[in-house]
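**Student:** show me how the following folds:
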Amino acid sequence: MAKAIHMMIRVLDEKRSVEFYERAFALAIAERLVFDGFTLVYMRNVQADFEVELTINHGRSEPYHHGDAYGHIAFVVEDLASEHARFATAGLNPTPVKEFMREEKLFAKFFFVQDPDGYKIEILQRHGRYH
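**Tutor:** From the prediction side, this is the model:
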């Protein structure tokens with residue numbers, strides 16, 4: 001059976017991105033590997049072994065274009081209201097909390113934030129299929 005282990009995004013500024021993911025999601029660097037032309041930074045937290053892989057292409061100075069295919073990554077939390085307040089206090093500019101209904105029942109409660117490179121990240125209340 002296949003197991004998801006990481007997602008990769010290209011980032012422009014390693015320090016800025018590492019600080020964002022540390023502050024926003026308590027991710028820490030699990031491993032940092034330098035190669036000719038690029039660096040890979042794997043980040044994770046104690047809640048899961050799924051990692052965010054930051055790829056830094058050496059010498060790149062222009063922001064990446066996400067095109068129209070990128071969607072988002074999602075994190076689930078126990079207390080969405082507290083996390084939203086924490087994000088706001090930390091200056092991470094979360095969007096307002098929204099509720100998504102299906103057949104007159106709560107399907108999802110969430111907000112979004114963007115990382116320094118503009119990648120959208122969804123933060124969901126642990127509920128239903130989101131656990």
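**Student:** and stretch 99-114, how far out from the chain middle?
**Tutor:** Centre-to-centre, stretch 99-114 and its host chain are 18 Å apart (Cα atoms, centre = their mean, to the nearest Å).
**Student:** again, but for stretch 41-60
**Tutor:** 10 Å.
**Student:** and residue 121, what does it touch?
**Tutor:** 24, 72, 73, 74, 75, 112, 113, 114, 115 (Cβ atoms under 8 Å, 6 or more residues apart in numbering). (Glycine included, C-beta is placed from N, CA and C.)
**Student:** and it, what pLDDT?
**Tutor:** At residue 121, the model reports a pLDDT of 96.
**Student:** and it, what element?
**Tutor:** Residue 121 is part of strand 120-125 when elements are defined by DSSP states H and E.
**Student:** kindly report the same for residue 17.
**Tutor:** helix 14-25.
**Student:** first-to-last residue distance for stretch 99-106?
**Tutor:** Stretch 99-106 has an end-to-end distance of 7 Å (Cα to Cα, to the nearest Å).
**Student:** with stretch 98-109 instead?
**Tutor:** Using Cα to Cα, the span of stretch 98-109 from its first residue to its last is 6 Å.
**Student:** how far off centre is it?
**Tutor:** Averaging C-alpha positions (Cα atoms, centre = their mean) puts stretch 98-109 22 Å from its chain's average.
**Student:** follow-up on the earlier one: toward the C-terminus from the helix holding residue 17, list the very next helix or strand.
**Tutor:** Downstream of helix 14-25, the first helix or strand assigned by DSSP H and E is strand 28-35.
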